[in-house]
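Trainee: Let me see the structure of the following:
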Amino acid sequence: MNLQNNKLNEVGHMIAHDSHLNQNTDPEKESLIDKDMTKLNQNLFERNDGLTDKEFVEKAVKESPTAEHWKKNYNALSTWCIQIPKEFSGSYEEKNEIFKEMVKFTADRYGRDNIVSAWTHFDDVICCEL
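Mentor: Okay, the predicted model is just below:
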């Protein structure tokens with residue numbers, strides 16, 4: 001499990017990465033993607049608020065109780081990378097269920113209103129992430 005904090009100016013890049021919207025031009029990073037598995041990636045959390053993920057984060061910052069004191073170096077988005085151990089030989093469905101349980105746990109612990117998205121990355125050669 002890995003936690004990464006992102007400043008407001010980094011949010012767009014992180015969201016593009018999480019949804020795999022950005023195309024890697026770095027051959028080394030591109031080699032870490034199994035393109036045959038990309039079709040299995042999905043967002044396990046839908047907000048249904050009509051906002052893009054970036055708009056959602058920007059709105060949350062703007063409406064935060066500390067908005068008038070907001071500084072550029074404050075964290076606007078935290079992302080968790082949750083990896084299933086390589087030794088786990090479960091099926092795609094079993095792995096997906098683990099990720100769904102992690103989304104439920106996160107929503108219960110931190111509140112559904114605080115979740116931007118929950119992407120699975122079955123095409124990452126080194127990990128599957130949520």
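
Trainee: Please pull out the lowest mean pLDDT helix or strand from the protein.
Mentor: helix 27-30 (a mean of 60; mean pLDDT, DSSP states H and E).

Trainee: what's the helix or strand that that helix is followed by in contact with?
Mentor: Toward the C-terminus, helix 27-30 is succeeded by strand 42-43 as the next helix or strand (DSSP states H and E). Residues outside strand 42-43 that contact it (Cβ atoms under 8 Å, 6 or more residues apart in numbering): 19, 117-120. C-beta coordinates here come from the backbone N, C-alpha and C atoms, glycine included.

Trainee: Ok, stretch 93-105 next?
Mentor: 44-45, 82, 84, 88, 90, 115, 118, 120, 122, 128, 130.

Trainee: Show me which of those residues are buried.
Mentor: Among those, those classed as buried by 16 or more other Cβ atoms under 10 Å are 44-45, 82, 84, 115, 118, 120, 122, 128, 130.
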